[in-house]
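Q: Sequence first, predicted model second:
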Amino acid sequence: MKQRVTKAIFPVAGLGTRFLPATKSIPKEIMTLVDRPLIQYAIDEARAAGISEFIFVTSRGKSALEDYFDRAPQLEAELRRKGKKDLLEALRTTEMVSGAIAYIRQQRPRGLGHAVWCARRLVGNEPFAVILPDDVIAADKPCLQQMVEAHAETGGNLIAAMDVPPQATGAYGIIDPGDAVGRLVPVTGMVEKPDPAVAPSTLAVVGRYILTPDVLRNLNRIKTGAGGEIQLTDAISADIAEGARTHALRFEGQRYDCGSKAGFLEATVAFGLARPDLGPDFARFLDSLPRHGAAAE
């Protein structure tokens, strides 16, 4: 019987240097996409997939993340006094029951694999998800929910994947694929950030994983890889070499790289236009931009 996936790791220890000076005083994960911080999108996606235990791998200076998911009694009381029920309801989506979130420190920035390894004692001997909040995925059915449903059939390791242009393979973990069955692709190997000339495919890893505890054990012995960091893809590749079943899921949805300024702006436009309360006015503004271009410079 396959075990249900109930735990998710959120690696949020990065310094967010690409968004300085904004990230000098706030974690990048608190930056708002329309009116919700990036981490809220990740948490909501995890909840929709049935995740009930949330493990944050943080670093010094990330206390705002802990505060965000705590209750705010004074603010709640003020909203209640003013009868602002809609805002109270929005506030409740940010609250987590006591004990649902655990915080682990990554004391040195040694890569994604090391960040996941830091959570090993809380994961134990069961499958777990990894969600990178930088990757925001707009989908009718949340990406991780799609993965959990597929994992119930496949077991083993499951990785979210999408096709990228050949010249972009050097920015991603790239999958060496077998023959696809629908949206599921058997994975025979993985390479971290390969040169386009030697990339095994253009099928790139996106920031959603469901992994076996064997991957954590592999991280115990993995040496530094691409970029001088401990790479999660290397630990998954080791699991594949040992015979572990591993698949990639070509998920349905649109992924936005909110770890880059351009991707963050693209997501802001897309999510803003999709909001019934904002979309019409925002669309009119965008249509008028050529006339206001000089004023924005």
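A: Great, that's in hand. Residues are numbered from 1 along each chain as shown.
Q: helices and strands around whichever strand or helix holds Ala102, which ones?
A: Ala102 belongs to strand 101-105 when assigned by DSSP states H and E. Using 3 or more CB pairs under 8 Å, 6 or more residues apart in numbering; DSSP states H and E as the contact criterion, the secondary-structure elements in contact with strand 101-105 are strand 53-58, helix 63-68. C-betas here are computed from N, CA, C, even on glycine.
Q: Looking at these, which one is packed in the most?
A: strand 53-58 (a mean of 22; mean count of other CB atoms under 10 Å).
Q: Surely Val191 forms part of a strand?
A: Yes - the assignment for Val191, made by DSSP: H, G, I helix; E, B strand; the rest coil, places it in a strand.
Q: Contacts for stretch 95-111, please.
A: In this structure, residues lying in contact with stretch 95-111 by CB atoms under 8 Å, 6 or more residues apart in numbering are 11, 13-15, 43, 52-60, 65-66, 69-71, 114-115, 118-119, 122, 224-225, 227, 229-232.
Q: what's the answer for stretch 238-251, then?
A: Stretch 238-251 is contacted from outside by 137, 139, 143, 146-147, 150, 154-163, 175, 177, 180, 183-190, 203, 205-206, 208, 212, 214-215, 218, 222, 236, using CB under 8 Å, 6+ apart.
Q: Would you mark the buried spots in that stretch?
A: Judged by neighbour count (16 or more other CB atoms under 10 Å), stretch 238-251 contains these buried residues: 238-240, 244, 246-251.
Q: With stretch 31-41 instead?
A: 31, 33, 37-41.
Q: just stretch 78-95 next, same as before
A: Within stretch 78-95, the residues scored as buried using 16+ other CB under 10 Å are 79, 94.
Q: quick check: mean pLDDT across it?
A: For stretch 78-95, the per-residue pLDDT values average out at 86.
Q: Start and end of that stretch, how far apart?
A: Length of stretch 78-95, first residue to last, CA to CA, to the nearest Å: 17 Å.
Q: re the thing from before, need the helices and strands packed on strand 101-105 in CSV with distance to Lys82 and mean pLDDT, can you?
A: Compiled in CSV, the helices and strands packed on strand 101-105 are given as follows (distance: least, CB to CB, whole Å; pLDDT from 0 to 100):
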stretch, distance to Lys82, mean pLDDT
strand 53-58, 31, 93
helix 63-68, 22, 83
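Q: Mind putting the ones you listed into a markdown table with distance to Glu95?
A: Below are these laid out as a markdown table (distance: least, CB to CB, whole Å):
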| stretch | distance to Glu95 |
| --- | --- |
| strand 53-58 | 12 |
| helix 63-68 | 10 |
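Q: picking that back up, not counting the helix or strand following the strand holding Ala102 itself, show me its contacts.
A: Scanning forward in sequence from strand 101-105, with DSSP H and E defining helices and strands, the next element found is helix 112-117. Applying CB under 8 Å, 6+ apart, the contact partners of helix 112-117 are 9, 11, 13, 57, 106, 108, 130, 132, 211, 215-216, 219-220, 222, 225, 229-235.
Q: Looking at these, which are in strands?
A: When the contacts of helix 112-117 are checked against strands (DSSP state E), the matches are 9, 11, 57, 130, 211.
Q: who are the neighbours of the strand or helix carrying Val269, in terms of helices and strands?
A: Take DSSP H and E as the rule and Val269 turns out to sit in helix 261-274. For helix 261-274, the packing partners by 3+ CB pairs under 8 Å, 6+ apart come out as strand 32-33, strand 135-138, strand 254-257, helix 279-296.
Q: Count residues in the vicinity of Ala48, would you?
A: When counting by other CB atoms under 10 Å, one arrives at 14 neighbours for Ala48.
Q: so who does it touch?
A: Under the criterion of CB under 8 Å, 6+ apart, the contact partners of Ala48 comprise 142, 144-145.
Q: Pull out the buried residues from those residues.
A: When these are checked for burial by 16+ other CB under 10 Å, the buried set is 142, 144-145.
Q: burial count for Ile101?
A: Under the criterion other CB under 10 Å, the count of neighbours that Ile101 has is 17.
Q: center of this structure - which residue?
A: Nearest to the geometric centre of the chain sits Leu132, at 2.3 Å (CA atoms, centre = their mean).
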